[in-house]
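Colleague: Turn this into a structure:
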Amino acid sequence: MDSQENQTGLPLTERNWQAVHARRNGYIQSVDNAALLSLARKHKTVVRMEIGIGHFVVQNETLASLTLEGPLEKDIIAAWHMCVRHSIDFH
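Modeller: Now for the predicted structure:
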């Protein structure tokens, strides 16, 4: 299926999932669920968290996946990162 096609009626297993990656190493400290829900509604997407609170992540690891009808744009990625707080690893 082309990512530009409407995915709303498709089962989640058949949708086009696009990854959001960690910008740096660190522990996931908190997630603003209300902000994530608002982001999902605004962009008509489903957000699937791949990593939970308390987990250590490395740069470029997949943190979440989103189903979008268009490309994963920088503003969506930036908004997603504002919803998830993680500490910086200085090791």
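
Colleague: Which residue ranges of the protein form strands?
Modeller: For the chain, the strands defined by DSSP state E occupy 17-21, 26-31, 47-49, 56-57, 62-67, 84-86.

Colleague: Give me the residue at the spatial middle of this protein.
Modeller: For the chain, the residue nearest the mean C-alpha position is residue 64 (3.6 Å; Cα atoms, centre = their mean).

Colleague: which residues touch the nearest residue to it once chain neighbours are set aside?
Modeller: Excluding the flanking residues, the one nearest residue 64 by Cβ to Cβ, 6 or more residues apart in numbering is residue 20, at 4.6 Å. Quick note: C-beta positions are derived from backbone N, CA and C, even for glycine. Contact partners of residue 20, counting by Cβ atoms under 8 Å, 6 or more residues apart in numbering, are 62-66, 72, 77, 80-81.

Colleague: Report the buried members of the residues you listed.
Modeller: With burial judged by 16 or more other Cβ atoms under 10 Å, the buried subset of the contacts of residue 20 is 63-66, 72, 77, 80-81.

Colleague: May I see the residues you listed organised as a markdown table, with pLDDT and distance to residue 25 added?
Modeller: Formatted as a markdown table, the buried ones among the contacts of residue 20 follow (pLDDT from 0 to 100; distance: Cβ to Cβ, whole Å):
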| residue | pLDDT | distance to residue 25 |
| --- | --- | --- |
| 63 | 90 | 12 |
| 64 | 89 | 17 |
| 65 | 90 | 20 |
| 66 | 87 | 22 |
| 72 | 78 | 22 |
| 77 | 83 | 18 |
| 80 | 80 | 18 |
| 81 | 80 | 14 |
